[in-house]
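**Q** 3D model of this:
(one chain, ligands or ions: 1)
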Amino acid sequence: MDLTPAKGDRVPASLPAGFEFNQASLQDYVDCPRRFQLRYLLMQPWPALVAEPPHEFEAHARRGADFHRLVHQRGLGLDPEILASTIHDPILKRWWQTYLAHPPEDLPEPLQYFEVLVAAPLAGHRLLAKFDLLAVTPGKRLVIVDWKTMRRRPSRTTLAKKLQTRLYRLLAVETGARFNQGQPPRPEQVEMIYWFAEDATTERFPYDADQYSADRYELSRLIEEITARQEPVWPLTPDVRQCRFCTYRSLCERGIWAGSSEDVEDDLEFLDLEMDLEQIAETEF
Ligand code: SF4
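**A** Below you'll find the model as predicted:
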């Protein structure tokens, strides 16, 4: 397989100075540097399906987005029964009833912020995130809640390693003063909770100063590594399981068939993430 760019091909040598990182782009790099290069440097259109069958995959992604919208509207004070009357999809209806009967427990009060956009600088770049829910007792606790609607639940070990888990807690510390009476929260005051719509279970990840320092170091190192890359073709992951749900399979000659949508272990929130992130005000620096 010859992946060397043809003469005349436009191959940016490195990231533009203003490139902004989020959990999806960082996770792409960790999963496969070549995927990061294709998606964010070369802006390669997606030549393949993420998962099969396409209509089922698309319906699942749309259902997940609708669930997030319903929870957000409930958080804004809309009547849950009225919201329920707008649901026609049976799976979405089941998730909604599950949420109403078993929302995440022990959330701090009285403040709740939905769909919160945050940003902070690190290693010369901007880090961005969108929290589904941030629940706060000022001066005491800040809890990030992330709604998960995937069919196949990842293990706790997998979730702990996810860039989302590491980045979100880090950004809660870095940007938390605006929700915490002007005081930056201590890492020990921050927690992240994943809530799973299929069975109303949760996975909780507390935080501490050691993990915060480790995350700052590791994310800085990662960003420096990405920005230093100069090769025309960045390394392809040796872990071919990463290719099952990758849209660049045909480009990399890593198979033509998509994995089953039943096996997707992510919520594919990148579908609407980029537009939302552009809305973050520069003043958050
Ligand atoms: S198909 Fe595999 S090797 Fe190619 S970009 Fe995707 S994950 Fe990387």
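**Q** Kindly format the C-alpha coordinates of stretch 149-162 as PDB.
**A** Only the C-alpha atoms of stretch 149-162 are listed here, as PDB (Å, rounded to 0.1, in the frame of the first residue of the first chain):
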ATOM      1  CA  THR A 149     -27.100   6.200  24.800                       C
ATOM      2  CA  MET A 150     -24.800   3.600  23.200                       C
ATOM      3  CA  ARG A 151     -26.000   0.000  23.100                       C
ATOM      4  CA  ARG A 152     -22.700  -1.600  24.100                       C
ATOM      5  CA  ARG A 153     -21.500  -0.200  27.400                       C
ATOM      6  CA  PRO A 154     -17.700   0.200  27.700                       C
ATOM      7  CA  SER A 155     -15.900  -1.200  30.700                       C
ATOM      8  CA  ARG A 156     -15.000   1.100  33.600                       C
ATOM      9  CA  THR A 157     -11.300   0.700  32.600                       C
ATOM     10  CA  THR A 158     -12.100   1.900  29.100                       C
ATOM     11  CA  LEU A 159     -14.100   4.800  30.400                       C
ATOM     12  CA  ALA A 160     -11.300   5.800  32.800                       C
ATOM     13  CA  LYS A 161      -8.800   6.000  29.900                       C
ATOM     14  CA  LYS A 162     -11.100   7.900  27.600                       C
END
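**Q** list the buried ones in it?
**A** 149-150, 153-154, 159, 162 (16 or more other CB atoms under 10 Å). Backbone N, C-alpha and C define where each C-beta goes, glycine included.
**Q** gap between the two ends of stretch 86-105?
**A** Start-to-end span of stretch 86-105 (CA to CA, to the nearest Å) is 26 Å.
**Q** Now that stretch: buried residues?
**A** Those would be 87, 91-92, 95-96, 98-99, 104, for stretch 86-105 by 16+ other CB under 10 Å.
**Q** Among the residues you listed, which are located in strands?
**A** Among these, no member is found in strands (DSSP state E).
**Q** Show me the strands in this protein, by range?
**A** For the chain, the strands defined by DSSP E cover 20-21, 51-52, 111-122, 125-137, 141-148, 190-196, 202-206, 259-260.
**Q** Dump the ones you listed into TSV; add mean pLDDT, mean neighbour count and distance to Thr175 as well.
**A** Below are the strands of the chain laid out as TSV (pLDDT from 0 to 100; neighbours: other CB atoms under 10 Å; distance: least, CB to CB, whole Å):
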stretch	mean pLDDT	mean neighbour count	distance to Thr175
strand 20-21	96	19	14
strand 51-52	58	18	33
strand 111-122	96	17	4
strand 125-137	96	22	9
strand 141-148	97	23	10
strand 190-196	97	22	11
strand 202-206	97	16	18
strand 259-260	56	18	35
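**Q** what about the ones you listed, which gets the closest to the ligand?
**A** Closest of these to the ligand is strand 259-260, at 11.4 Å (criterion: CB to the nearest ligand atom).
**Q** Next, the buried residues of stretch 221-241.
**A** Buried, per 16+ other CB under 10 Å, within stretch 221-241: 222-223, 226, 229, 234, 236-237.
**Q** how far is it from where the chain is centred?
**A** On the basis of CA atoms, centre = their mean, to the nearest Å, stretch 221-241 sits 20 Å off its chain's mean C-alpha point.
**Q** Show me the contact partners of that stretch.
**A** 3-5, 11, 13-15, 21, 26, 29-37, 122-125, 243, 252, 254 (CB atoms under 8 Å, 6 or more residues apart in numbering).
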